[in-house]
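A.B. asks: Predicted model and sequence follow; I will ask about them next.
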Amino acid sequence: MASKGQQNRPSEARLREKLHILWNEINRNKVKYVMIAPFMISFFLFVFLPALSSIILSFTNFNMLQRPDFIGYQNYAKLLLHDEVFAIAIRNTLLIAFITGPLSYLLCFILAWLINELSRPLRVLLTVVFYAPSISGNAYLIWKLIFSSDVYGYANSKLIDWGFLQEPVLWLQDPQYIIWIIILVQLWLSLGVSFLAFIAGLQNVDRTLYEAGAIDGVRNRWQELWYITLPSMKPQLLFGAVMQITSSFSVGEVSMQLAGFPSVAYAGRTVLTHLIDYGTIRFEMGYASATATLLFLSMIFANLVIQQLLRKVGQ
Amino acid sequence: MAKEKRLEVRYGTRLNRSLAGDIILFSFLALLGSFSAWPMAFVINNAFKPLNEILLFPPRLFVRNPTLSNFRDLVSLMSNSWVPLSRYVFNTLFITCLGTAGSVFISSLAAFPLAKFRFPGSGIISKMIVYSLMFSAAVTGIPSYIIISRLGLLDSYGAILLPTFGTTLGLYLMQNFMGQVPNELIESARMDGAGDFRVYWSIMMPLARPAWLTLVILQFQGLWGTTGGTYIYSEKLKPLSYALSQIVDSGVARTGVAAAVALFMLIVPLTVFVISQSNVMETMATSGIKE
């Protein structure tokens, strides 16, 4: 408890005292600053500064040739109130994020968990197999073949053979189907970074906890999962959630590869493809930056919500 | 020895397992696996297909008359290049190895204090790192280019390497894993007179092995495929993937060579992946963080 006398002291002296304490703290932790310095320099120059300048550019009109001029919140007003295509992009992005985010998070975890119980050579083989779409470089080819619009496309030819269809469906040109195909392919692609992090995380769980759990009355594998494995993996779960948010909110490549760019009736438009359109085709960098900033804010919001949910794990 | 014994107990008391469950589980994994293995199987098979099989429509997954002609064509094309092939290989190996090693070292070195200690600024730095993961790279291209050019890094290895050292994904991954190491271990090492660097090297890194092996995979994969993009324009500094992509871009006539290139670009990161993953997955007896 601070005494009354201390509270009435002139604020300048208090400030000096605070600075003094801070300085001592910094001095005491000198080694730690040295350890983070190389990373922080690179981070500041190549991550933080570019992001900050993009946020600043979002309040300007910038065509990449002339000096940007400040226009206040006009980009944001136009985006949110007048841009009809952006409304479609938001709707699609939210739909994709709400479906693929949680589902691929679960898929990553369940597969990592199942694989973890197998023998080592089999584990390595299955990890390679499931990670294959992320490493092979031609991931979209198979889906283009499956959903090809002519009768040779695998989906069309099989569905016609089996009598479900009379004539081929234009899977990737019909606005009705595009978004669902994007969602399907995004799910197929989801075994990436979070999957690897979960596999690594499962190796870190203290094995003796399982024995202790068995003695304490853990009866089945589900209880073991909920009371032992998941709580031991909280950091990885958190990491996976952040990865899932970033990947499910920034779906773009899948849409451009499958549905074309621009897609028919903007049916495959996402916030990211909207941004790429304005940034790299129309050269309206201010507008593209405003889109990026909005995307950034929505991801931060999603992250806050999910962190609250993850706190409940294992309780 | 004691550990071995415990392992047996653990396997002996596996909870609620049945043969039917195992069969269902295995067929589920096999079904899903056959779907996701497709692109890799396709790349491998394509490289050995003669031209008439590659251009077949609809394409067949498996090769019928395997041939090495695609590889022979690739070798003869590469041996005629203006800059010797060995130079491209050196560039790629240099960028990939130094970039991966440097990034793993630098980000884990920074992750340790951020995961385990509170000091002025640590909280805000950690927040900034998480949030920066969420900023779309699609609009930071121009500011990044300006910064790299102002630093005089254009057309040098540094333009690729230095930004790699600040990869936030790596730091965040390491930070999450290092946070799990019990404080008691660090305290007791300190009692024995170990400084921060010593604790980092002999306690944190061995215990965070699964994490940095995973990071090795991610960074290697990314750097192996980098073409240097807008940052490197001297032919003799360009990486292999750029040279190969130029060959591939020459159109239909190079279809066979393109298939060989695709396999070559896949096989090296795949090897690194398999080696790292088999080390991530240690035998059950030796792994796990214990207090």
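C.D. replies: On my side now, so go ahead.
A.B. asks: among the helices and strands of chain A, which one scores worst on average pLDDT?
C.D. replies: Least confident helix or strand of chain A, by mean pLDDT, DSSP states H and E, is helix A:4-7 with a mean of 50.
A.B. asks: what about whatever helix or strand comes next after that helix, near chain B?
C.D. replies: Next helix or strand after helix A:4-7 toward the C-terminus (DSSP states H and E): helix A:11-28. Yes: using C-beta under 8 Å from any C-beta of the partner chain, helix A:11-28 reaches chain B at A:22, A:25-26, A:28. For glycine as for every other residue, the C-beta is placed from the backbone atoms N, C-alpha and C.
A.B. asks: Same question for stretch A:121-132.
C.D. replies: Yes: judged by C-beta under 8 Å from any C-beta, stretch A:121-132 comes into contact with chain B through A:123-124, A:126-132.
A.B. asks: what about stretch A:201-209, how long is it end to end?
C.D. replies: The straight-line separation of the ends of stretch A:201-209 (C-alpha to C-alpha, to the nearest Å) is 15 Å.
A.B. asks: Ignore what I typed, I meant stretch A:215-224.
C.D. replies: Stretch A:215-224 stretches 12 Å from its first residue to its last (C-alpha to C-alpha).
A.B. asks: Stretch B:195-214 near chain A anywhere?
C.D. replies: Yes: interface with chain A: stretch B:195-214 contributes B:195-197, B:200, B:210-211, B:213-214 (C-beta under 8 Å from any C-beta).
A.B. asks: quick one: which of these is nearest chain A?
C.D. replies: Of all the residues of stretch B:195-214 next to chain A, the one with the least separation from chain A (C-beta to the nearest C-beta) is B:Pro210, at 3.5 Å.
A.B. asks: Quick check on that closest one: phi, psi?
C.D. replies: Dihedral angles of B:Pro210 (phi, psi; degrees, to the nearest 10) stand at phi -60, psi -40.
A.B. asks: pretty sure it contacts A:Ala197?
C.D. replies: No: assessed by C-beta atoms under 8 Å, B:Pro210 is found out of contact with A:Ala197, at 9.1 Å.
A.B. asks: Those two: who's more crowded?
C.D. replies: Each of B:Pro210 and A:Ala197 has its neighbours counted (other C-beta atoms under 10 Å in any protein chain shown); A:Ala197 has more, 29 against 25.
A.B. asks: give me the element that one is part of.
C.D. replies: In this structure, A:Ala197 sits in helix A:193-203 according to DSSP H and E.
A.B. asks: contacting residues around the residue in the stretch 1-150 of chain A positioned nearest to chain B?
C.D. replies: Here the stretch 1-150 of chain A gets closest to chain B at one residue, A:Ser42, 2.9 Å apart by C-beta to the nearest C-beta. Taking C-beta atoms under 8 Å, 6 or more residues apart in numbering or on different chains, we find A:Ser42 in contact with B:106, B:162-163, B:165-166.
A.B. asks: hang on, it in a helix?
C.D. replies: Yes: the assignment for A:Ser42 is a helix, going by DSSP: H, G, I helix; E, B strand; the rest coil.
A.B. asks: Apart from its neighbours in sequence, what residue is nearest it?
C.D. replies: Counting by C-beta to C-beta, 6 or more residues apart in numbering or on different chains, A:Ser42 lies nearest to B:Gly166, which is 2.9 Å off, once chain neighbours are set aside.
A.B. asks: what residues go with each domain of chain A?
C.D. replies: A:1-57, A:76-310 (automatic domain parsing).
A.B. asks: from what I can see B:Pro66 touches B:Phe48, true?
C.D. replies: Yes: with contact defined as C-beta under 8 Å, B:Pro66 and B:Phe48 form a contacting pair (4.2 Å).
A.B. asks: any weak-confidence spans in the stretch 201-315 of chain A?
C.D. replies: A:314-315 (pLDDT under 70).
A.B. asks: where do the strands sit along it?
C.D. replies: Under the criterion DSSP state E, counting those that start in this stretch, the stretch 201-315 of chain A carries no strands.
A.B. asks: What is the longest helix of chain B by residue count?
C.D. replies: helix B:85-116 (DSSP state H).
A.B. asks: and A:Leu310, how many residues sit next to it?
C.D. replies: For A:Leu310, the neighbour count with other C-beta under 10 Å is 15.
A.B. asks: That one against A:Ala241, yeah?
C.D. replies: Yes: between A:Leu310 and A:Ala241 a contact is recorded at 6.3 Å, counting by C-beta under 8 Å.
A.B. asks: circling back to that earlier point, kindly indicate the member of the residues of stretch A:121-132 next to chain B with the most neighbours.
C.D. replies: Going by other C-beta under 10 Å, A:Phe130 tops the residues of stretch A:121-132 next to chain B with 26 neighbours.
A.B. asks: contacting residues around the nearest residue to that one once chain neighbours are set aside?
C.D. replies: In this structure, A:Phe130 finds its nearest non-sequential neighbour in A:Leu191, 4.6 Å apart by C-beta to C-beta, 6+ apart. Contact partners of A:Leu191, counting by C-beta under 8 Å, 6+ apart, are A:104, A:107-108, A:111, A:130-131, A:133-134, B:36.
A.B. asks: filter those to the buried ones?
C.D. replies: Neighbour-count burial (16 or more other C-beta atoms under 10 Å in any protein chain shown) is assigned, among those, to A:104, A:107-108, A:111, A:130-131, A:133-134, B:36.
A.B. asks: Just give me the closest of these to A:Ile179.
C.D. replies: A:Ser104 (16.1 Å; C-beta to C-beta).
A.B. asks: which residues are in contact with stretch A:135-154?
C.D. replies: With contact meaning C-beta under 8 Å, 6+ apart, stretch A:135-154 is reached by A:133, A:155-157, A:160, A:168-173, A:181, A:185, A:188-189, A:254, A:257-258, B:38-40, B:42-43, B:57-59, B:221, B:225, B:262, B:265-266, B:269-270, B:273.
A.B. asks: out of these, which are buried?
C.D. replies: The neighbour count (16+ other C-beta under 10 Å) marks A:133, A:155-157, A:160, A:168-173, A:181, A:185, A:188-189, A:254, A:257-258, B:38-40, B:42-43, B:221, B:225, B:262, B:265-266, B:269-270, B:273 as buried among the contacts of stretch A:135-154.
A.B. asks: Now intersect the residues you listed with the helices, please.
C.D. replies: Checking the buried ones among the contacts of stretch A:135-154 against DSSP H, those in helices are A:133, A:155-157, A:160, A:181, A:185, A:188, A:254, A:257-258, B:38-40, B:42-43, B:221, B:262, B:265-266, B:269-270, B:273.
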